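# would you be able to build a 3D model of this:
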Amino acid sequence: QPFFQLVKLRKLGLSDNEIQRLPPEIANFMQLVELDLSRNDIPEIPESISFCRALQVADFSGNPLTRLPESFPELQNLTCLSVNDISLQALPENIGNLYNLASLELRENLLTYLPESLAQLQRLEELDLGNNELYHLPETIGALFNLKDLWLDGNQLAEIPQEVGNLRNLLCLDVSENKLECLPEEISGLTSLTDLLVSQNLLQVLPDGIGKLRRLSILKVDQNKLIQLTDSIGDCESLTELVLTENQLQSLPKSIGKLKKLNNLNADRNKLTSLPKEV
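Numbers count the residues shown, from 1 in each chain. Below you'll find the model as predicted:
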């Protein structure tokens, strides 16, 4: 096909079309750096995609794919991979071979587990696993030391491994809409964290270690089962937004009065009878 004779092609954008097949001749594009095939009707990516060794950015989101080709982890120059909303049931076991990945988007799929090799993605800065079917996070998630943004919202997680506390560079952690009954005390290790989103879980208390998150700006704990708020919340000196809506709180700690940067405090639909005078 003449189109696949464009061997000098470096960027190919075909998003929002009705393409139903990606032919194996895609392998001809050995100089291709960016490929966007999002929101088409492609049911399968050919194994020959592995010949596109120059590929750095790829987006296959919104296609009726259920798997990635076994050869996919051979694309070792890949830095950004988006495969959102494709009914993906599993990642290739050797996904860790994509060691240059900085951004991996896997939102709205059917993933039930993560392969151990994911821990090899040492350059990963963004990992989006929102709206999947994850029941368990491997302890090795704590090895992704360069991670800045981690989205785990809308899964089935009952706990977060304590190793998450090793993610010293993490800025945003979203674990809302899960089944968490507690957060590990080791969360105190997330000293760079600015956004912590734990809405719609089953938390009764927050760990005391949360007070060590001195850079935390936004804390959302709405729609949980909080019966008390730890005094250490007053040590979160950068907090600007604290959302406690729909919990079981009967009182707020006096230490809230120390949060001088707070400009949004929402405690609707609790059991409060008064506020501490320090507020």
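# now stretch 250-270: average pLDDT?
For stretch 250-270, mean pLDDT is 96.
# which positions in it come out as buried?
Buried residues in stretch 250-270, counted by 16 or more other CB atoms under 10 Å: Leu252, Pro253, Ser255, Ile256, Lys258, Leu259, Leu262, Leu265, Ala267, Asn270. The way it works is simple: take the backbone N, C-alpha and C, and place the C-beta from them, glycine included.
# farthest pair within those residues?
The largest separation in the buried residues of stretch 250-270, counting by CB to CB, is between Lys258 and Asn270 at 20.5 Å.
# tell me the pLDDT at the residue nearest to Gln5 when sequence neighbours are not counted?
Nearest residue to Gln5 in three dimensions, chain neighbours excluded: Asn28, at 7.1 Å (CB to CB, 6 or more residues apart in numbering). Asn28 is assigned a predicted lDDT (pLDDT) of 95.
# and Asn28, backbone torsions?
Phi and psi for Asn28, reported as degrees, to the nearest 10, are phi -70, psi -20.
# that one contacts Phe3, doesn't it?
No: using CB atoms under 8 Å, Asn28 is not in contact with Phe3, being 9.3 Å away.
# okay, these two: which has more neighbours?
Each of Asn28 and Phe3 has its neighbours counted (other CB atoms under 10 Å); Asn28 has more, 19 against 10.
# list the contacts for that one?
By CB atoms under 8 Å, 6 or more residues apart in numbering, Asn28 lies in contact with Phe4, Gln5, Leu6, Val7, Phe51.
# which of these tops the neighbour count?
Neighbour counts for these (other CB under 10 Å) peak at Phe51, which has 19 neighbours.
# these two touch, right, it and Ala27?
Yes: using CB under 8 Å, Phe51 is in contact with Ala27, at 3.7 Å.
# got the domain boundaries for the chain?
The record assigns the chain these domain ranges, following automatic domain parsing: 1-108+115-128, 134-279.
# what are the ranges of the strands in the stretch 51-200 of the chain?
For the stretch 51-200 of the chain, the strands defined by DSSP state E, counting those that start in this stretch cover 57-59, 80-82, 103-105, 126-128, 149-151, 172-174, 195-197.
# other SSEs contacting the second one?
In this structure, strand 80-82 makes packing contacts with strand 57-59, strand 103-105, judged by 3 or more CB pairs under 8 Å, 6 or more residues apart in numbering; DSSP states H and E.
# take those strands and write them to JSON lines, including mean neighbour count and mean pLDDT.
Listed next are the helices and strands packed on strand 80-82 as JSON lines, based on neighbours: other CB atoms under 10 Å; pLDDT from 0 to 100:
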{"stretch": "strand 57-59", "mean neighbour count": "20", "mean pLDDT": "98"}
{"stretch": "strand 103-105", "mean neighbour count": "20", "mean pLDDT": "99"}
